[in-house]
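Enquirer: Could you work out the structure for the sequence below:
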Amino acid sequence: MDAVFDICYLSSEGNNVEPDDIPKTKENVWVLGKKYSAIQDIDRIRRDITSIIWCTYRKGFVPIGDEGLTSDKGWGCMLRCGQMVLGVALIRIHLSSDWVWTPETRDPTYLKIIQRFEERKQAPYSIHQVALMGASEGKEVGQWFGPNTVAQVMKKLVVYDKWSSLVIHVALDNTVVKEDILAQCIVKNDRGDCSSAPDNLIVTDWMPLLLVVPLRLGLSEINPVYTEGLKMCFQCPQSVGVIGGKPNQALYLIGCVGDEVIYLDPHTTQRSGLVENKMTDEQKEMDCTYHCKYASRIPITVMDPSVAVCFLCRTRTDFDELCITIEQKLSAESQPLFEMCEKRPAHWGPNTADIDLQNTSLFTEFEDIDRQFDDSDQEFEIL
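Expert: Numbering: from 1, shown residues only. Below you'll find the predicted structure:
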């Protein structure tokens, strides 16, 4: 990597010791639905992890909320995890699942994506937009978000960003309802008035789907009966990770190896700035702050039991294949993570949640435990 990249990753630890990010094991390493060899593919693993948009605490941005907060240190980690899931989804939709970032990358589509997460009020998925959308639903700026909350906020925000070409479905009550998803994702275009087309021809398009399934996998800690199901989620080609973490510390879980999960950690405070067209040295350095050189890992058993598993279905075929995986593998577990059904359960009533997103309040939380502000943080400065 070049000098700019190395400067970007000089943290307060100030050393270049090889990290223990991926264990030297014969077991398969799974990252966002891809299988790797820990021995043979270590460089490719790190390259692909570095290509993920890494969202962290920031400081020095335009004030948010009544208290005029200029940093999200201590309260924004779950919001940042939501941004990372959305970042992976947008990269896959608008670039590809095999896209690779380097410090020299100036692809205009990539820049358009990264600009959506900058600390600007106008950016569709900035900390300002995420925090204020949460506030409009009863979560004040600076208050803890759980996985379900951040999923509901993202679902609302994508409605206002037509370029993203994405719909988000948040499953309720551990149940994925095919009928509701198809109603959201299948777009019928009546092109019967085209002179070259047969009368009343209906052309069906598929809107890319980000499926988020909030789950509670135990009371105060993860129940071991769910660990195999969780590993299967990371192995699905449609996987875009899991929003979860340790108690009081949200982490973006991107994969697994053995009985450990691999994650990107938002608990690093970086200064705010703009990438824009990535022409100046300062803009290049700012772009580097959105990419983490190494991932970390923890045992599955120490995870917080509140999680949200996330899948991206770019096409109808992706969705159909995911349904088969859920029905044949995940549902075959002795204690399935969640269920899938064809029709909406009668006792749920009509599905109005996706018709009028602006007037709904879907913040049913499993996470309303007494959360403390997270004080875990590494200061991180660009030199």
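
Enquirer: going forward, measure contacts between C-alpha atoms and count neighbours the same way
Expert: Will do.

Enquirer: Number of residues surrounding residue 324?
Expert: Residue 324 has 12 neighbouring residues, counting by other Cα atoms under 10 Å.

Enquirer: so what secondary structure elements neighbour the one helix or strand it maps to?
Expert: Taking DSSP states H and E as the definition, residue 324 sits inside helix 316-328. Packing partners of helix 316-328 (3 or more Cα pairs under 8 Å, 6 or more residues apart in numbering; DSSP states H and E): strand 339-341.

Enquirer: What residues of the strand it packs on count as buried?
Expert: residue 340 (16 or more other Cα atoms under 10 Å).

Enquirer: and if you look at stretch 212-227?
Expert: 212-217, 221-222, 226-227.

Enquirer: got the contact list for the helix holding residue 324?
Expert: Here helix 316-328 makes contact (Cα atoms under 8 Å, 6 or more residues apart in numbering) with 206, 236, 238, 313, 340.

Enquirer: Please repeat the previous calculation with a cut-off of 7 Å.
Expert: 206, 313 (Cα atoms under 7 Å, 6 or more residues apart in numbering).

Enquirer: can you pull the buried residues of it?
Expert: 316, 318-319, 321-323, 325-326.

Enquirer: Using PDB, list the CA coordinates for that helix.
Expert: As requested, C-alpha coordinates have been extracted for helix 316-328 and formatted as PDB (Å, rounded to 0.1, in the frame of the first residue of the first chain):
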ATOM      1  CA  ARG A 316     -35.600 -12.100  -7.900                       C
ATOM      2  CA  THR A 317     -33.300 -15.100  -8.300                       C
ATOM      3  CA  ASP A 318     -31.200 -14.100  -5.300                       C
ATOM      4  CA  PHE A 319     -34.400 -13.900  -3.300                       C
ATOM      5  CA  ASP A 320     -35.700 -17.200  -4.400                       C
ATOM      6  CA  GLU A 321     -32.300 -18.800  -3.600                       C
ATOM      7  CA  LEU A 322     -32.300 -17.200  -0.200                       C
ATOM      8  CA  CYS A 323     -35.800 -18.600   0.500                       C
ATOM      9  CA  ILE A 324     -34.600 -22.100  -0.300                       C
ATOM     10  CA  THR A 325     -31.600 -21.700   2.000                       C
ATOM     11  CA  ILE A 326     -33.800 -20.500   4.800                       C
ATOM     12  CA  GLU A 327     -36.400 -23.300   4.300                       C
ATOM     13  CA  GLN A 328     -33.900 -26.200   3.800                       C
END
